[in-house]
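*Asks:* Sharing a model that was predicted from the sequence below.
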Amino acid sequence: MTPELPQTATILSSLGQAAFVWDLASDVIVWSDHVGAVFPDVPLPQLCNGTEFGKLIEPERGVRSEAMRQVAPLHGVDGTPYRIEYGVRTHSAAPLIWVEETGCWFAGPDGRPARAHRIVRINNERHARDEQLLKLSRHDPLTGELNRTHLLATLAEVIEESQRFRFACAFMLIGIDHLARINDAFGFDVADGVVLEVAQRIRARLRGGDTLGRFSGNKFGLILKNCTMDDMTVAAERFLAAVRDEVVPTKSGPVAVTVTIGAVSVPRHARSVEEAVNRAHETLDSAKRRRIGSFSTWRPNVERDAQRKVNIRVTDEIVTALNERRIVTAFEPVVHADTRQTAFYECLVRMRQDDGRAVLAPDIVPVAERLGLIRLVDHRILELVVAELASAPDVTLSLNISPETTMDPDWWASIESMMRAHPGVAERLIVEITETVEIQDIDDLRGFVTRLKDLGSRIAIDDFGAGHTSFRNLRKLGVDIVKIDGAFVQNLARSADDRAFVQTLVELARRLQIKTVAEWVQDDSSVTLLRDWGCDYIQGRLIGLASIEKPWVASRAVLPAAS
């Protein structure tokens, strides 16, 4: 040691550090003064012997010697630098002290380490910080369970093992029911408390070797090893009861919570992470639609698989038809109930096929709505209808749009642009909104209706009576026309219930000064009833079905009035 070493040692000690020289041949370590302040519980004789000090090191005693062997020696006065980190534990019950050791070693004539000059420092805080960061990178900060990335990585390992060693597992998705309502009613902090409590209740009922992780905001993923189909059902009932049987205490009071579970057997019904997640998700959604708080297992379904193949085929056909301009309109007449003179034409979607046949709207629209293509179809029909109105100044047309399209800013921008480009068209356009889908935000829809009416267009509610819209909403929306669902009209002559229902609708609409259209009119006796009740317009097989040909181009013969 140099004369300056005691002063240097004092400085190092104040920083929680100590210096030493290790002679590897004699295995003697000479420490700076105040080393006892850095290692207060280690006897000095044990510190001064390399082998004895090595007995305290975890996880591997030879970590220091290995570090020197892994670096080629640099010959010269500066030595070969190295840095290592290890833990020191004085006895089995003592806490682990994390040590960072840096220095240089010097080679002997044989090129092997002969001497080392080093500084050690305690870095428990930094190591704890690193451990916390590592934990946060793997675990959900709220529940402490695995995050989605590491849950799916574990699932991949389990699937691979189950296929190699031929054992059954299960992957479950556990969804907390109505968590969004809890958010709205009590706030996010209470919802977080519910999520944490649900995680703890599930965790308390796991076996050793099971893996729980947070899949998303309101869902947990659960991997159950060595789990048959029967075991899966028993486990699911255990988890359902754990959450359902006792209310969750929160700072805002007790909250009743349930979960719904969808599961898939691995590798029997899922041989990849993608299959396991998709099928568990699909089953969870199906279980929620059937009954909240229930459990369902994925099973092969021939009809479902066949429908998906149809969806894929029809999707491709719709996109191709849009690109090739094979989406066209057919025109169905709507006539005055008293005179049977044409009032306007409803424009219906058709798709021309390569063989010249046309696919009907019922075969296109439901699939387009289900698969998110209806917006593209509605845009195309709007273009076609406006073009027809611009070329036929005496014609009034109506077009149907999906409720989703009413919230589409691109569709609205398109119609505004087209109305400006073709003055006078808006007054001859009727926009029909399907009533079979529940109106989620009546105020947003009212804004859409108001803007369209400001342009001069009229608004109709299609299929009224088959869905959720009330007369109160009709008045609030300010619609101009109600089209009575044909299911109530087609049997008017034979069904007293249908007659009572339709007559009531017509009378209520008249009081609200809303025009009515009866769809699917089949016979003259129905026309007589509708006319006597005050229905304004009729359409259906009796009047004439939709045709791709433009009726106003041909001779406009007036249909004979009913006798």
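*Replies:* Thanks, I have the structure now. Treat the numbers as computed from the prediction; the structure is a model and nothing was measured.
*Asks:* use CA for all of it now, contacts and neighbours both
*Replies:* Will do.
*Asks:* Next, the distance between the ends of stretch 206-220.
*Replies:* End-to-end distance of stretch 206-220: 13 Å, with C-alpha to C-alpha, to the nearest Å as the criterion.
*Asks:* cool, stretch 235-255 as well?
*Replies:* 24 Å.
*Asks:* quick one: contacts of that stretch?
*Replies:* 186, 190, 193-194, 197-198, 201-202, 205, 256-261, 293-295 (C-alpha atoms under 8 Å, 6 or more residues apart in numbering).
*Asks:* which parts of that stretch are buried?
*Replies:* Neighbour counts over stretch 235-255 (16 or more other C-alpha atoms under 10 Å) mark Ala235, Ala236, Phe239, Leu240, Ala242, Val243, Arg244, Val248, Thr250, Val255 as buried.
*Asks:* Tell me the confidence at the second one?
*Replies:* Turning to Ala236, the model gives it a pLDDT of 96.
*Asks:* did I read that right, it in a strand?
*Replies:* No. Counting by DSSP: H, G, I helix; E, B strand; the rest coil, Ala236 falls outside a strand, being helix.
*Asks:* Quick check: the gap between it and Val247.
*Replies:* 19 Å.
*Asks:* now swap in the last one and tell me
*Replies:* Distance of Val255 to Val247, computed by C-alpha to C-alpha: 5 Å.
*Asks:* Would you mind checking which helix or strand in this structure has the lowest mean pLDDT?
*Replies:* Across the helices and strands of the chain, mean pLDDT, DSSP states H and E gives its lowest value to helix 5-14, namely a mean of 66.
*Asks:* Just the ones in helices from the contacts of stretch 235-255, please.
*Replies:* Phe186, Val190, Gly193, Val194, Glu197, Val198, Arg201, Ile202 (DSSP state H).
*Asks:* Distance of the first one relative to Gln522?
*Replies:* Look at Phe186 and Gln522: by C-alpha to C-alpha, they are 54 Å apart.
*Asks:* More neighbours: which of these two?
*Replies:* Gln522 (19 against 15; other C-alpha atoms under 10 Å).
*Asks:* Could you report the distance from that one to Ile543?
*Replies:* Noted for Gln522: a distance of 8 Å to Ile543, by C-alpha to C-alpha.
*Asks:* so Ala18 makes contact with Ser32?
*Replies:* Yes. Using C-alpha atoms under 8 Å, Ala18 is in contact with Ser32, at 6.1 Å.
*Asks:* Those two: which is more packed in?
*Replies:* Shown here are Ala18 and Ser32; by other C-alpha under 10 Å, Ala18 has more neighbours (27 against 22).
*Asks:* Checking that one next. Helix, strand or coil?
*Replies:* strand.
*Asks:* Show me what it bridges to in the sheet.
*Replies:* Judged by DSSP bridges, the bridge partners of Ala18 are Val120.
*Asks:* Can you name the residues that contact it?
*Replies:* Counting by C-alpha under 8 Å, 6+ apart, the residues that Ala18 touches are Ala9, Leu12, Trp31, Ser32, Asp33, His34, Val35, Val38, Ile119, Val120, Arg121.
*Asks:* please redo it, this time with the cut-off set to 10 Å
*Replies:* Ala18 is in contact with 8-12, 31-39, 101, 118-122, counting by C-alpha atoms under 10 Å, 6 or more residues apart in numbering.
*Asks:* Check Tyr86 too.
*Replies:* 57-61, 63-64, 96-101.
*Asks:* Least confident of those residues?
*Replies:* Lowest pLDDT of these: Arg61, 68.
*Asks:* Any regions of the stretch 351-500 of the chain where pLDDT drops low?
*Replies:* Along the stretch 351-500 of the chain, the parts satisfying pLDDT under 70 run over 356, 361-362, 435-441, 466-470.
*Asks:* Let me see the ranges of the helices in it.
*Replies:* Residue ranges of the helices in the stretch 351-500 of the chain, as given by DSSP state H, counting those that start in this stretch, are 361-370, 374-391, 409-421, 442-455, 471-477, 496-511.
*Asks:* Can you tell me which of the ones you listed is nearest to Glu324?
*Replies:* helix 374-391 (11.6 Å; C-alpha to C-alpha).
*Asks:* what's the angle between the closest one and helix 361-370?
*Replies:* Per axes from the mean of the first three to the mean of the last three C-alpha atoms, to 10 degrees, the angle that helix 374-391 makes with helix 361-370 is 130 degrees.
*Asks:* got the angle between helix 374-391 and helix 409-421?
*Replies:* Following the same axes, to 10 degrees, one obtains 10 degrees for the angle between helix 374-391 and helix 409-421.
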